[in-house]
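Enquirer: Mind looking at a prediction? Sequence and model below.
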Amino acid sequence: MNRRTLLSTAAALSLISATGALAASHGDKLKVGFIYVGPIGDGGWTFEHDKGRLAVEAEFGDKVETVYQESVPEGADAERAITQMALSGANLIFTTSFGYMDPTINVAAKFPDVKFEHATGFKRADNVGVYSARFYEGRAIQGHIAGKMTKTNKIGYIASFPIPEVIRGINSAYIHAKKANPAVEFSVIWAYTWFDPAKESDAARALIENGADVILQHTDSTAPQAAAQEAGNVITFGQASDMSEYAPMPRVSSIIDNWSPYYIARVQAVMDGTWASDDTWDGIGSGMVGIGEISDAVPADVKAEALALKDSIASGDYHPFTGPLNKQDGSVWLAEGETAPDGDLLGLNFYVEGLTGDIPN
Amino acid sequence: MIRLERRPQPSRAWTALTPVLAVLLTMVVGGIMFALLGKPPLEAIRIIFWDPLFHPQFAAYSRPQLLVKAGPLILIAIGLSLGFRAGIWNIGAEGQYIMGAICGAGMGLAFYPTTSPLIFPAMVMAGALGGWAWAMIPAVLKVRFGTNEILVSLMLVYVAEALLASVSQKLLRNPEGMGFPGSRNFKQFPAAHNAEIFANSGMHWGVIAAFVAVIFAYVLLTRHIQGFNIRLTGEAPRAARFSGVSPARIIFLCLGFGGALAGAAGLFEVSGPAGQITIDFNSGYGFTAIIVAFLGRLHPVGILLAGLLMALTYIGGELAQLMLGLPGASIQLFQGMLLFFLLATDVFTNFRLRFGKTEVT
């Protein structure tokens, strides 16, 4: 240990004792904080997290106080925002974007009495738990509907960043579209953003011009929906939020992130003193991933098949990544009947066989 | 009748007064905006301007953070101000900042995990050179082909952003990062880490560099022939040419200096507060520094104060969001007002108000 780390350790300790006193003076109200990557009005990812926050308020009434900070850039600013939230006496802090991983871990080390929950990351500590949703389960249902409904056999996919989360979604959608319609082709555009209506709109238009009549998106704004509506005869799916204002066409269904039950359960656990760091990865079964109403634009038989698929995933009878599945290069990933282990899925960095193009890598 | 009459000389009193007036007007109009949002205006203003410095709970943490936030702003703004004084409009400091970060971080990561004490100085050199080289593109194009440096430097920001996305996923990606984009974290690379020089002081090498740059620019402008040439070129280009000042030389000097300082700022940020190269590492310092340069009247000491003031509105703005639940966008509006009112009141520096009838001349 050199002098520098010694000094900072000493400083961190003094910070801790100061915050311990603050937390004690806070009374019996539990203060729950949320760090958001986008504005709460984004209509997608952050909007749904904020709904979870409001659900916590509704559930616990004046036993909790919630605070939030929106549009927090990932990086140095995030660390400050989280620290200030902890300093303000928050007892439990949800950091709701992948890029907050290192900042959350750093701040958590300075505030051992504060509980942290980081969404979609993989680093944990005694006072940092991680949680995410198995969105790929919802992608399977989208893929099925998309494969059945496309007339041009071209499906466009607006991807955000080439991280395992997004690659899982592309693979899952492709596998099930291909099952429904062996002639489908996917084209993927990487937008390198979670939320940028202009970029997303451009990507959607480019895909539509190239003949795609289904647009799937892994970005959070409703801009692709608007672009599809303008083009006509193109279907889309709501992302993160229901986006039902675009139903019944172009939006024919959606994947809805429903964080409310989880947030309520975690707040309850802190109140009961039973909170412990854990790793939650829930899907359709627990309700963390919801499938938005399938609109009348979808033929009744396709709708019935999609709902049956949803039920079999929810009950655990069917896993969206079930062998035989090969990697893009033709090598075997999963043998007949084998399902993908979570470890593989968490670090997924390859396409399955049949997808064209490269993952930017 | 009210009309404006041009002053024979820019008013010195108004030059000093307008920044103060702009801050006051921002407080008043910003306060009205906060009131319309249903938040207590006086409390909001107090939280933004007073609490980061003196709040018993936060100040110990946020005071050093002021330096962390102001450091890169001042460093970049000093470089820009020289160009602005000479009438050379480098709008692309954001791109030079990114390139400095990429080159400097690349230098450090190439020698991972060295413990040599020379690595950090080498990174600073590489960072400054990266920013300098990026600024040389508009400089050469302007000198050789007479292109507009505003457009070229601005467009190069987008090129730099694309390069940043590329290196964070390919060249500089953390091999132990499970496929996620982003470089190794410099916090785990002590020899290359731009840590705080004294723990919890906020003082890292970038802040020191900013202070040195302020002194250097002050001496250059008031005591050195090149500083005189820069001022002369801006105020009387023809006179400058007659007295033998080479416009090309001034262009290279100003853009090169601005680029090198922006590049160094990028390196200090990536190896310190940000910690790693990520896809959206840049958070607009290069653009905000333009506001800082003008708010500081293009004077080194003014820029120092303006940088600290800007940092105050950032950190205070975050606290206001946290404590009052103000929307993030209202804080950005508040900062925007500052520049708006500065430009608006600036008119009194060069013009005076005249009441009464127009005199016929």
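Expert: Perfect, thanks for sending it.

Enquirer: Every contact and neighbour count from this point should use C-alpha atoms.
Expert: OK.

Enquirer: Next, find the distance separating the spatially most central residue of chain B from chain A.
Expert: In chain B, the residue lying closest to the centroid (CA atoms, centre = their mean) is B:Ala289, at 2.2 Å. Relative to chain A, B:Ala289 is positioned 17 Å away (CA to the nearest CA, to the nearest Å).

Enquirer: Please save the CA atoms from the helix or strand hosting that residue in PDB.
Expert: Per DSSP states H and E, B:Ala289 falls inside helix B:285-295. C-alpha atoms of helix B:285-295 as PDB (Å, rounded to 0.1, in the frame of the first residue of the first chain):
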ATOM      1  CA  TYR B 285     -16.500  19.800 -22.100                       C
ATOM      2  CA  GLY B 286     -15.200  21.000 -25.400                       C
ATOM      3  CA  PHE B 287     -18.400  22.800 -26.200                       C
ATOM      4  CA  THR B 288     -19.000  24.100 -22.700                       C
ATOM      5  CA  ALA B 289     -15.500  25.500 -22.700                       C
ATOM      6  CA  ILE B 290     -16.600  27.900 -25.500                       C
ATOM      7  CA  ILE B 291     -19.100  29.400 -23.100                       C
ATOM      8  CA  VAL B 292     -16.500  29.600 -20.400                       C
ATOM      9  CA  ALA B 293     -14.000  31.400 -22.700                       C
ATOM     10  CA  PHE B 294     -16.600  34.100 -23.500                       C
ATOM     11  CA  LEU B 295     -18.000  34.300 -20.000                       C
END
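
Enquirer: Against which helices or strands is it packed?
Expert: The contact analysis (3 or more CA pairs under 8 Å, 6 or more residues apart in numbering or on different chains; DSSP states H and E) places helix B:285-295 against helix B:59-85, helix B:93-110, helix B:300-324, helix B:328-350.

Enquirer: And the contacts of the last one?
Expert: Meaning helix B:328-350. The contact list for helix B:328-350 (CA atoms under 8 Å, 6 or more residues apart in numbering or on different chains) reads A:39, A:69-71, B:6-7, B:9-12, B:14-15, B:18-19, B:21-23, B:25-26, B:30, B:34, B:291, B:295, B:310, B:313, B:317-318, B:321.

Enquirer: What subset of the residues you listed is buried?
Expert: Buried residues within those, counting neighbours by 16 or more other CA atoms under 10 Å in any protein chain shown: A:39, A:69-71, B:14-15, B:18-19, B:21-23, B:25-26, B:30, B:34, B:291, B:295, B:310, B:313, B:317-318, B:321.

Enquirer: distance of the closest residue to chain B within the stretch 51-200 of chain A from A:Val302?
Expert: Residue of the stretch 51-200 of chain A nearest chain B, by CA to the nearest CA: A:Ala76 (4.3 Å). Using CA to CA, to the nearest Å, A:Ala76 is found at 48 Å from A:Val302.

Enquirer: Over to A:Thr66?
Expert: 42 Å.

Enquirer: what's the answer for A:Ser160, then?
Expert: The gap separating A:Ser160 from A:Val302 is 28 Å, by CA to CA.

Enquirer: And the strands in chain A?
Expert: Using DSSP state E, the strands of chain A run over residues A:30-35, A:64-69, A:92-95, A:115-119, A:128-133, A:154-159, A:185-190, A:214-217, A:235-240, A:251-257, A:279-282, A:289-292, A:325-326, A:332-334.

Enquirer: Quick one: list the elements packing against the last one.
Expert: Spelled out, that is strand A:332-334. Packing contacts for strand A:332-334, counted by 3+ CA pairs under 8 Å, 6+ apart, involve strand A:325-326.

Enquirer: ok so, going back, and the strands of chain A as CSV, adding mean pLDDT?
Expert: Formatted as CSV, these follow (pLDDT from 0 to 100):
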stretch, mean pLDDT
strand A:30-35, 95
strand A:64-69, 93
strand A:92-95, 96
strand A:115-119, 95
strand A:128-133, 93
strand A:154-159, 95
strand A:185-190, 93
strand A:214-217, 96
strand A:235-240, 92
strand A:251-257, 93
strand A:279-282, 90
strand A:289-292, 92
strand A:325-326, 94
strand A:332-334, 93
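
Enquirer: Domain ranges for chain A, per the record?
Expert: Domain ranges of chain A: A:3-133, A:135-256+A:292-346, per automatic domain parsing.

Enquirer: Of the ones you listed, which shows the lowest average pLDDT?
Expert: Ranked by mean pLDDT, the domains of chain A bottom out at domain A:3-133, which scores a mean of 82.

Enquirer: Give me the angle between the helix holding B:Ala289 and helix B:59-85.
Expert: Inter-element angle recorded for helix B:285-295 and helix B:59-85: 80 degrees (by axes from the mean of the first three to the mean of the last three CA atoms, to 10 degrees).

Enquirer: Out of the domains of chain A, which is closest to B:Glu235?
Expert: Smallest distance to B:Glu235 across these (CA to CA): 38.9 Å, for domain A:3-133.

Enquirer: and that closest one, how far from the chain's centre?
Expert: What separates the centre of domain A:3-133 from the centre of its chain is 18 Å, taken as CA atoms, centre = their mean, to the nearest Å.

Enquirer: Tally up the residues packed near B:Ala217, please.
Expert: 21 (other CA atoms under 10 Å in any protein chain shown).
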